[in-house]
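Undergrad: coordinates only, no sequence provided:
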């Protein structure tokens with residue numbers, strides 16, 4: 001109950017998870033780092049544990065409308081010609097980018113890492129936003 005129950009309610013846990021997953025960069029990395037702490041640091045039955053475990057699993061993917069211009073900027077307009085196959089659905093998404101499966105022209109399987117556009121610039125903003133969550137408890 002009380003403030004702890006209000007802060008870590010199911011609704012607020014969902015909001016925090018969603019916010020961390022959308023922020024990418026430093027905020028998402030912070031959530032992911034918390035998720036690997038053992039249960040002495042963050043108990044298994046803690047609502048916070050549930051949030052950070054979800055953050056580790058639910059990083060948002062870059063939409064295709066953003067992916068294609070990012071690939072064009074990095075590899076040129078003919079980026080598709082550099083691969084025999086390229087899967088636009090990422091096999092993994094993380095704090096600063098995502099990984100796509102591709103096939104080289106010689107048949108070699110590739111994992112293509114793509115950094116989210118603007119992620120480096122967003123770190124300061126992410127840290128400030130995290131401060132709004134942590135501030136009242138500091």
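TA: Looks like it arrived, so ask away. Being a predicted model, the structure only gives us computed values, none of them experimental.
Undergrad: now do the helices in this structure.
TA: With helices called from DSSP state H, the chain shows them at 2-7, 10-23, 25-35, 47-57, 64-75, 119-134.
Undergrad: confidence-wise, which of these is weakest overall?
TA: Among those, helix 2-7 carries the lowest mean pLDDT, at a mean of 47.
Undergrad: what's the distance between residue 54 and residue 124?
TA: Distance check for residue 54 against residue 124: by C-beta to C-beta, to the nearest Å, it reads 25 Å. For the C-beta atoms, the positions are set from N, CA and C on the backbone; glycine is no exception.
Undergrad: more crowded one of these two?
TA: The neighbour count for residue 54 versus residue 124, taken as other C-beta atoms under 10 Å, is higher for residue 54 (18 against 11).
Undergrad: ok, the closest residue to the more buried one other than its chain neighbours to residue 93 distance?
TA: Nearest non-adjacent residue to residue 54, counting by C-beta to C-beta, 6 or more residues apart in numbering: residue 17, 4.7 Å away. Going from residue 17 to residue 93 by C-beta to C-beta gives 15 Å.
Undergrad: repeat for residue 20
TA: 13 Å.
Undergrad: before we move on, what about residue 78?
TA: Distance, residue 78 to residue 93, using C-beta to C-beta: 26 Å.
Undergrad: what about the two, which has more around it?
TA: Using other C-beta under 10 Å, the more surrounded residue of residue 78 and residue 93 is residue 93, with 18 against 8.
Undergrad: what's opposite the more buried one in the beta bridge?
TA: Beta-bridge pairing for residue 93 (DSSP bridges): residue 98.
Undergrad: that one and residue 100 touch, don't they?
TA: No - between residue 93 and residue 100 there is no contact, the gap being 10.1 Å when judged by C-beta atoms under 8 Å.
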